[in-house]
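K.L.:
With the sequence up front, the predicted model follows.
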Amino acid sequence: MIADTFVIETSSPEETERLGKSVAEIMPRGVAALRGDLASGKTCFVRGMAQQFGASLSVHSPTFTLINEYGADRKLYHFDLYRLSGAYEVEDLGATELFASDAVCAVEWAERAEALLPARRLDVLFEHLGYDRRRVTLNDR
C-alpha cells in the first residue's frame, strides 16, 4: 500500500489512467475508496487500475451492473455505488466478502458504503480543477 498522503495533479485522462495503473502495481490487495464529484476522474483512474489486471481500455463505469470484475489470477472488483442509497444495499451485493478477499476493490462513491469499508484502505479523493486537470489525493489509512 501507499504510505501517508500524496497529492498529485493530472492534466489529462491518460495521466489519470497512468496514475491508477501505478497504484494498482503496488497495491497487492485491499480497498481503494474513491470519492469525488461526477466527472472528476474516478472511472479514468479505475480504467488504469484495470489495465494492470489485463483489461482493455473498454473499462467503463458499472453504473447499471454495480460491480465489474477484471483479471484472472489476481482480481480487481470495480464497484459503482452511485445509484445505491445506503450501506444495506451494498451489503446485499456481497461487498463485505469481496472487501475481505485477496482481491483489489475499487469503490466509486465509497461514501455510500462508509460503514462497510475496512479501516485499513486507500482513500482517493478526486477534485476537478478545470478542463482536463484533476487533483488526486491518496491517503493510506
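P.N.:
Great, that's in hand. Numbers count the residues shown, from 1 in each chain.

K.L.:
check contacts around the residue nearest to the spatial centre of the chain.
P.N.:
In the chain, the centroid-proximal residue (C-alpha atoms, centre = their mean) is Ala106; its distance is 3.0 Å. By C-beta atoms under 8 Å, 6 or more residues apart in numbering, the residues touching Ala106 are Ala32, Leu34, Phe45, Val46, Met49, Leu76, Tyr77, His78, Phe79. C-beta coordinates here come from the backbone N, C-alpha and C atoms, glycine included.

K.L.:
Sort out which residues of the strand or helix carrying it are buried, please.
P.N.:
Taking DSSP states H and E as the criterion, the element that holds Ala106 is strand 104-108. Neighbour-count burial for strand 104-108, with 16 or more other C-beta atoms under 10 Å as criterion, is recorded at Val104, Cys105, Ala106, Val107, Glu108.

K.L.:
Relative to Arg18, which of those residues is nearest.
P.N.:
Arg18 has its nearest neighbour among these in Ala106, at 15.4 Å by C-beta to C-beta.

K.L.:
Can you read off the pLDDT for the closest one?
P.N.:
pLDDT for Ala106: 96.

K.L.:
same deal with Met1?
P.N.:
49.

K.L.:
just Ser61 next, same as before
P.N.:
We have a pLDDT of 65 for Ser61.

K.L.:
repeat for Ser101
P.N.:
Looking at Ser101, the pLDDT reads 93.

K.L.:
Three-state assignment for it, please.
P.N.:
The local conformation at Ser101, judged by DSSP: H, G, I helix; E, B strand; the rest coil, is coil.

K.L.:
which pair in the contacts of Ala106 spans the largest distance?
P.N.:
Going by C-beta to C-beta, the pair spanning those furthest: Phe45 and Tyr77, at 14.7 Å.

K.L.:
Can you pick out the residue with more neighbours from these two?
P.N.:
Comparing Phe45 with Tyr77 by other C-beta atoms under 10 Å, the one with more neighbours is Phe45, at 29 against 22.
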